[in-house]
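give me coordinates for this.
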Amino acid sequence: MQYRLWSVETAPVTLRMFPKTLRNGNVSYGHYIRLEPNKTYETDDPAQIKYLRENTIRVRYNANLEATLKDAGVPYEVIRCKSCGGKVKKIEYNQVEVIENE
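Alright, predicted model coming up:
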């Protein structure tokens, strides 16, 4: 399986707590991986694949960011703060595009 940063990410991104499956089958966390824009990476590690599909970032809402994500085809979700009655909005999206090998 291949993965890369979505095209909207123009700066390198460091993913923390990146998992690594050990020889005995256990999963070790606490690794860091730095992804560069316009670069494709590969992995066959099931723990890493799961992490890449589920790991999201939540940032303060910005209409320009929402338009950029929409134009690039990046799946995202606008989230409203429940404790303040929805006054604060955030955008949640996955920074990494997972490319299935055919």
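
okay, CA-based contacts and neighbour counts for the rest of this
Noted.

in the chain, which spans are strands?
Secondary structure of the chain by DSSP state E: the strands cover 2-5, 13-21, 27-35, 41-42, 57-60, 76-80, 89-93, 96-99.

and the last one, how far out from the chain middle?
Right, strand 96-99. With CA atoms, centre = their mean, to the nearest Å as the basis, strand 96-99 stands 8 Å off its chain's centre.

just checking: what are the partner strands of it?
The strands beside strand 96-99 in its sheet (DSSP bridges) come out as strand 2-5 (antiparallel).

export the strands of the chain to JSON lines and tack on mean pLDDT and distance to T68?
As requested, the strands of the chain are exported to JSON lines (pLDDT from 0 to 100; distance: least, CA to CA, whole Å):
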{"stretch": "strand 2-5", "mean pLDDT": "94", "distance to T68": "14"}
{"stretch": "strand 13-21", "mean pLDDT": "89", "distance to T68": "18"}
{"stretch": "strand 27-35", "mean pLDDT": "89", "distance to T68": "20"}
{"stretch": "strand 41-42", "mean pLDDT": "94", "distance to T68": "24"}
{"stretch": "strand 57-60", "mean pLDDT": "93", "distance to T68": "14"}
{"stretch": "strand 76-80", "mean pLDDT": "94", "distance to T68": "11"}
{"stretch": "strand 89-93", "mean pLDDT": "94", "distance to T68": "12"}
{"stretch": "strand 96-99", "mean pLDDT": "92", "distance to T68": "15"}
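
mind putting those strands in TSV, mean neighbour count included?
Output for the strands of the chain, formatted as TSV (neighbours: other CA atoms under 10 Å):
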stretch	mean neighbour count
strand 2-5	19
strand 13-21	15
strand 27-35	13
strand 41-42	13
strand 57-60	13
strand 76-80	15
strand 89-93	18
strand 96-99	18
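
can you put these in TSV and add distance to I49?
Formatted as TSV, the strands of the chain follow (distance: least, CA to CA, whole Å):
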stretch	distance to I49
strand 2-5	9
strand 13-21	9
strand 27-35	13
strand 41-42	10
strand 57-60	17
strand 76-80	19
strand 89-93	16
strand 96-99	8
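
many thanks, I have nothing further to ask.
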